[in-house]
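[1] just need the structure, nothing else, for what follows:
(one chain, ligands or ions: 1)
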Amino acid sequence: MIGLIVAYTKNRVIGNKGAIPWRIKGEQRRFRELTTGNVVIMGRKSYEEIGRPLPNRFTIVVSRTAKFEAENCVTVPTLNDAIEYAKKNRPDENIYLSGGAGIYKEGLPLAEKLFITEVDAVIEGDTFFPEFDESKYEKTVDEEVDGEIPYAYVTYTKKED
Ligand SMILES: NC(=O)c1ccc[n+]([C@@H]2O[C@H](COP(=O)([O-])OP(=O)(O)OC[C@H]3O[C@@H](n4cnc5c(N)ncnc54)[C@H](OP(=O)(O)O)[C@@H]3O)[C@@H](O)[C@H]2O)c1
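    Residues are numbered from 1 along each chain as shown. Predicted coordinates:
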């Protein structure tokens, strides 16, 4: 399964100045639960923000300029290379496209499922999740969480053509 996993605000912000511009305790739980034991594919800047491979999963960094190699981490020059690498070397694991904007844009047509955290706020940012045709997906709301900044875990599953 190729999935895409993202959290964005009502104005579709995913990032600001190289970081995620909100802190909501517990909000990253679904990211951890879904990606653990699987493969995450991320762009160079997102990787640099974290600064190390995430534990208990395999990280593929997409970059034409840098090379990060570590235990459970490789770098490849294109998104297609990343997907090929995962399919060949981690055939039993799910693939999660994990940002940022370039990976999401190129990866959207490839993902069967979009695991989206809808952050119920307007927050300033400089990096956005692309618009997509929601009518091509079945949407389920999996969980709604109240709080200072409420959020919902939703899943969009691509309809059969
Ligand atoms: N809210 C969320 O769920 C979420 C998730 C992830 C990231 N973020 C945020 O998003 C921001 C980072 O995103 P970003 O879009 O600026 O950067 P990014 O996608 O993380 O990294 C961009 C770099 O990755 C490489 N790259 C990306 N797409 C590529 C492609 N299709 N083919 C080849 N190389 C590709 C290039 O590296 P080279 O220049 O080295 O070639 C590019 O300069 C941060 O603010 C971060 O906090 C938010």
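[2] measure stretch 34-46 end to end?
    18 Å (C-alpha to C-alpha, to the nearest Å).
[3] stretch 97-113 now?
    Start-to-end, stretch 97-113 (C-alpha to C-alpha) is 10 Å.
[4] please shift the residue numbers so they start at 58 in all later answers.
    Sure thing, new numbering starts at 58, so read that last one as stretch 154-170.
[5] for that stretch, which positions count as buried?
    154-161, 163-165, 168, 170 (16 or more other C-beta atoms under 10 Å). Every residue, glycine included, has its C-beta placed from N, CA and C.
[6] give me the distance between the residue most central in space within the chain and Ile98.
    Nearest to the geometric centre of the chain sits Ser155, at 2.3 Å (C-alpha atoms, centre = their mean). To Ile98, Ser155 is 6 Å away according to C-beta to C-beta, to the nearest Å.
[7] what are the ranges of the strands in this protein?
    Taking DSSP state E as the test, the strands found in the chain are 59-66, 70-72, 96-100, 115-119, 130-133, 152-154, 170-176, 184-185, 194-202, 208-215.
[8] so what's Arg87 closest to, chain neighbours aside?
    Nearest residue to Arg87, sequence neighbours excluded (C-beta to C-beta, 6 or more residues apart in numbering): Tyr210, at 5.2 Å.
[9] dig out what the one you found forms beta bridges with.
    Thr174, Glu200 (DSSP bridges).
[10] kindly report the same for the one 4 residues further on.
    Using DSSP bridges, the bridge partners assigned to Thr214 are Lys170, Glu195.
[11] wait, it touches Glu195, no?
    Yes. In terms of C-beta atoms under 8 Å, Thr214 counts as a neighbour of Glu195; the distance is 4.7 Å.
[12] for this structure, what lies in contact range of the ligand?
    By C-beta under 6 Å from any ligand atom, the part of the chain that sits against the ligand consists of 63-65, 71-72, 75-77, 99-103, 106, 119-123, 135-136, 155-160, 163, 184.
[13] drop anything exposed from these.
    Buried residues within the residues of the chain next to the ligand, counting neighbours by 16+ other C-beta under 10 Å: 63-65, 71-72, 77, 99-103, 119-120, 136, 155-160, 163, 184.
[14] Cys130 versus Leu111, what's the distance?
    When Leu111 is compared with Cys130 (using C-beta to C-beta), they lie 9 Å apart.
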